[in-house]
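> just a sequence and a predicted model for now, questions to come.
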Amino acid sequence: MGMTKEYVFHDWGEFKSLFAERLQQHTDNPAIPLSRGKFLFRGMEDSDWYLETSFSRKFGRLSPNSTTKTLLDNFKKACESNKDLEEIRSDNQEMLALGQHYGLTSHLLDWSESPYIAAFFAFHFALANLAKTPRWEIITEKKNIAIWALDSLETDFWSIENKPGKINIIRAKPIYNKRLDRQFGWFTVQSDIQVPLDQYIQNIESEKIALWKFLIPLREVVNAMADLSLMGIDANQMYGGIEGSALGALDDTILGLLISNPI
């Protein structure tokens, strides 16, 4: 069965220093630096969470086929007045990918070519949950965010050609999806969308590593977000527009409260 390899880092700096080395250990030639696109990354605000789609989290055991079709049909109808989308409105995959980046519940799972963009989203969504009680006391050593990684070239598990029995990796057209472009985004989709991806891979016959899981303490949120901002990775850049500005202001406010309320 497919395996998950887990690494625990003590702080943000240790993750930055060592995560690439940990991945390279499992490549054919560890001496060659990682190239963008070989590995895809996903950030999760809670390391205890499964790799579930938004559909599974919201609708549970409802029929995925009929409910997804209804969601997509309603989204297409809501977009009828948007002339910029005329060329892709009949393309279900493109419309799902677009909707996914703007809050539509779907069976797609978001990934990024950048581990730092994945880290941003993990800390960004964790920050939103700290808004009511932004104090260091609630950020303990036991609470971690997770950055997941997959090797997109490992054909035991993944396929970009829609092969039966594999987990498909999808790249939508960024010309219609600016957020996808900003986030270097990709998606995965599997045949049984009601099973979390990290459990699904256990049913695939292989002795290879399917997923890597990097854990970073949530208490590193201030250091990580400041560092990511210096890289140009913040809500303004990742979301764009007025929504990006508003979310960026919220992040900055909560971070400020955390800094001004030390233990």
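Yep, that arrived.
> now the helices for the stretch 51-200 of the chain?
Per DSSP state H, counting those that start in this stretch, the stretch 51-200 of the chain carries helices over the ranges 54-59, 64-78, 92-100, 115-129, 178-182, 197-200.
> could I get the ones you listed in TSV, plus columns for mean pLDDT, distance to residue 160 and mean neighbour count?
Yep, even glycine has a C-beta here, placed from its N, CA and C like the rest. Below are the helices of the stretch 51-200 of the chain laid out as TSV (pLDDT from 0 to 100; distance: least, Cβ to Cβ, whole Å; neighbours: other Cβ atoms under 10 Å):
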stretch	mean pLDDT	distance to residue 160	mean neighbour count
helix 54-59	80	22	16
helix 64-78	82	21	14
helix 92-100	84	13	21
helix 115-129	93	19	22
helix 178-182	86	16	18
helix 197-200	87	16	18
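> including distance to residue 240, could those helices go into a markdown table?
Formatted as a markdown table, the helices of the stretch 51-200 of the chain follow (distance: least, Cβ to Cβ, whole Å):
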| stretch | distance to residue 240 |
| --- | --- |
| helix 54-59 | 21 |
| helix 64-78 | 20 |
| helix 92-100 | 14 |
| helix 115-129 | 14 |
| helix 178-182 | 6 |
| helix 197-200 | 28 |
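> which one of the ones you listed lies closest to residue 143?
Residue 143 lies closest, by Cβ to Cβ, to one member of the helices of the stretch 51-200 of the chain: helix 115-129, at 8.5 Å.
> now do that closest one: distance to the chain's middle.
Here helix 115-129 is found 9 Å from its chain centre; the criterion is Cα atoms, centre = their mean, to the nearest Å.
> and the helices of the stretch 51-200 of the chain: which comes nearest residue 257?
Going by Cβ to Cβ, the one of the helices of the stretch 51-200 of the chain nearest residue 257 is helix 115-129, 10.1 Å.
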